[in-house]
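Visitor: Could you look at this predicted model? Sequence included:
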Amino acid sequence: MEREVVFEFIKNKLYEQGAIQGEINDETPLKLRALMRIKMFICCEKKFGVEISLEEEEKLKTIGDVVDFFYKEQKLRK
């Protein structure tokens, strides 16, 4: 799966949840309410077959960080 596919999935989930308004790109800060953040990570874990620990999750500061994490982890699992 290409990185762009991972990015589009995450971007669309954030729009669907109403978590972020406006343009979303790699530099967009990951400033989400706790429930929105949890929902986003659960959706990503299910979609990409990758679990993320709380410690790893706390390191992710931008949308690009989240995309890179799930992109790299799902590639490692194939």
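Guide: Received the coordinates, thanks.
Visitor: shaky segments in this structure?
Guide: Low-confidence segments of the chain (pLDDT under 70): 78.
Visitor: Centre-most residue in it?
Guide: Central residue of the chain (CA atoms, centre = their mean): residue 66, 4.1 Å from the mean position.
Visitor: Double-check that it belongs to a helix.
Guide: Yes - counting by DSSP: H, G, I helix; E, B strand; the rest coil, residue 66 is found in a helix.
Visitor: Can you tell me, leaving aside adjacent residues, what's nearest to it?
Guide: Nearest-residue entry for residue 66: residue 60, 5.1 Å, with adjacent residues in sequence omitted and distances by CB to CB, 6 or more residues apart in numbering. Just so you know, the C-beta spots here come from the backbone N, C-alpha and C atoms, and that holds for glycine as well.
Visitor: got a list of what that neighbour touches?
Guide: Residue 60 makes contact with 30, 66, 69 under the criterion CB atoms under 8 Å, 6 or more residues apart in numbering.
Visitor: Please apply the same query to residue 73.
Guide: 48, 50, 52.
Visitor: Would you confirm that it belongs to a helix?
Guide: Yes - looking at residue 73 with three-state DSSP, it is inside a helix.
Visitor: Just send the contacts of residue 73 back as JSON lines, with distance to residue 4, secondary structure and neighbour count too.
Guide: Listed next are the contacts of residue 73 as JSON lines, based on distance: CB to CB, whole Å; DSSP: H, G, I helix; E, B strand; the rest coil; neighbours: other CB atoms under 10 Å:
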{"residue": "48", "distance to residue 4": "14", "secondary structure": "helix", "neighbour count": "21"}
{"residue": "50", "distance to residue 4": "17", "secondary structure": "coil", "neighbour count": "18"}
{"residue": "52", "distance to residue 4": "20", "secondary structure": "coil", "neighbour count": "19"}
